[in-house]
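> from the sequence below, what's the structure:
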Amino acid sequence: MLEANVDTYGFSNDLMTFRNRDDVLTLLIHLGYLAYDEETRKVRIPNEEIRLEFAKAIRQVKRDDTLRRVRESELQYVSQ
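Numbers count the residues shown, from 1 in each chain. Coordinates of the predicted model:
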C-alpha cells in the first residue's frame with residue numbers, strides 16, 4: 001500500500017484557497033477520493049478504481065504549468 005504523510009490542520013475548507021500540498025490532499029480526503037488514517041496521519045488512494053482514475057488524469061495533463069505543479073507537489077510514497 002502506498003501512503004503519504006499529510007497535515008490536515010489549517011485547511012480553509014473551500015475550493016479556492018490552497019497554500020500547499022496538505023491543503024490539496026485534505027480537500028481530496030473531504031471529497032472521498034483519498035482515505036485518511038487518523039492514527040498514522042497518512043493518506044492513501046482507497047481502491048483500484050480511484051487509483052486508475054488518478055493515473056488517467058495525470059496521463060492526460062498536457063499543459064506545462066500543470067505538469068510542473070504536479071512534479072512540485074509530488075507525493076513521497078512509503079511502501080508497506
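
> now for residue 37, how many residues are close by?
Other residues lying near residue 37 total 11 when counted by other CB atoms under 10 Å. All C-beta spots, glycine's among them, are computed from the backbone N, C-alpha and C.

> with residue 40 instead?
For residue 40, the neighbour count with other CB under 10 Å is 12.

> tell me the SS of it?
Of the three states, residue 40 takes coil under DSSP: H, G, I helix; E, B strand; the rest coil.

> with residue 26 instead?
The assignment at residue 26 comes out as helix when based on three-state DSSP.

> contacts only, for it.
6, 8, 11 (CB atoms under 8 Å, 6 or more residues apart in numbering).

> how far away is it from residue 60?
Per CB to CB, to the nearest Å, residue 26 is found 24 Å from residue 60.

> go on, residue 31?
19 Å.

> again with residue 7
With CB to CB as the criterion, residue 7 and residue 60 are 29 Å apart.

> nearest the geometric middle of this protein, what residue?
The centre of the chain sits closest to residue 25, judged by CA atoms, centre = their mean, with a distance of 3.9 Å.

> excluding its backbone neighbours, what's nearest it?
Closest residue to residue 25 apart from its sequence neighbours, by CB to CB, 6 or more residues apart in numbering: residue 6 at 4.6 Å.

> what about residue 3, neighbour count?
19.

> so where's the protein shaky on pLDDT?
1, 61-63, 65-80 (pLDDT under 70).

> for it, which segments count as strands?
Secondary structure of the chain, counting by DSSP state E: strands at 2-5, 35-37, 42-44, 78-79.

> distance to residue 55 added to these, as JSON lines?
As requested, those are arranged in JSON lines below (distance: least, CB to CB, whole Å):
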{"stretch": "strand 2-5", "distance to residue 55": "12"}
{"stretch": "strand 35-37", "distance to residue 55": "17"}
{"stretch": "strand 42-44", "distance to residue 55": "14"}
{"stretch": "strand 78-79", "distance to residue 55": "17"}
